[in-house]
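Asks: okay, sequence plus prediction incoming.
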Amino acid sequence: MLELLYNDTRKKFRAMRLGNNEHDVSLIGLKKVVALSHVPMVLTSTRLFGEREELPHWVVLTGYSDDSWYINNPLAKSADTRITKSELQENFGYRGTRCAVVIRGLRRKRMARKDKRGR
C-alpha cells in the first residue's frame, strides 16, 4: 500500500515540477532542516498518539529542544504538541519506512538574495 501511495505522490510531484530527493531521513538531519526555517512533514505511526491500531500518519515538525520535539498534528486539539525525543524516535516512520516532505522556507532564499546584492 505504501509503495502505491509513494508512486502516486511521486507522479504528482513530477507533474508539478517539484523535486524528489531520495536519501536517508534522520532526526539529526531534520533538526538541520528546521534550523534553516524549512518545514518538514514526517511520516509517523498513529501509535505515537496512543491509538491502538497502527496507521500511517503525517505530522509537521515545528521545533525542538534538548529533550523534546514540537509538532503540529492535524488530529490534535491544539498546535505545537510536545513529544519526547524517544517517543518520536520509536514512532518515526511507518512499518520500517521513514520519509519526509520538506517545504523550503522563504527566509533562507531572501537572505541568500540579500547576500548576492552585498546588503
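Replies: Ah, there it is.

Asks: so where is the chain shaky, pLDDT-wise?
Replies: Counting by pLDDT under 70, the chain contains low-confidence ranges at 1-2, 19-20, 106-119.

Asks: just the helices in it please.
Replies: Counting by DSSP state H, the chain has helices at residues 2-15, 27-35, 85-91, 106-117.

Asks: ok now the shortest one, how far from the chain's centre?
Replies: The reference is to helix 85-91. Counting by CA atoms, centre = their mean, to the nearest Å, helix 85-91 is centred 14 Å from the centre of its parent chain.

Asks: helices and strands around it, which ones?
Replies: helix 27-35, strand 39-45, strand 68-72 (3 or more CB pairs under 8 Å, 6 or more residues apart in numbering; DSSP states H and E). For the C-beta atoms, the positions are set from N, CA and C on the backbone; glycine is no exception.

Asks: got the end-to-end distance for stretch 15-23?
Replies: Stretch 15-23 has its terminal residues 21 Å apart, counting by CA to CA, to the nearest Å.

Asks: ok now it, how far from the chain's centre?
Replies: Worked out by CA atoms, centre = their mean, stretch 15-23 lies 15 Å from the chain centre.

Asks: who touches that stretch?
Replies: The contact list for stretch 15-23 (CB atoms under 8 Å, 6 or more residues apart in numbering) reads Arg10, Phe13, Arg14.
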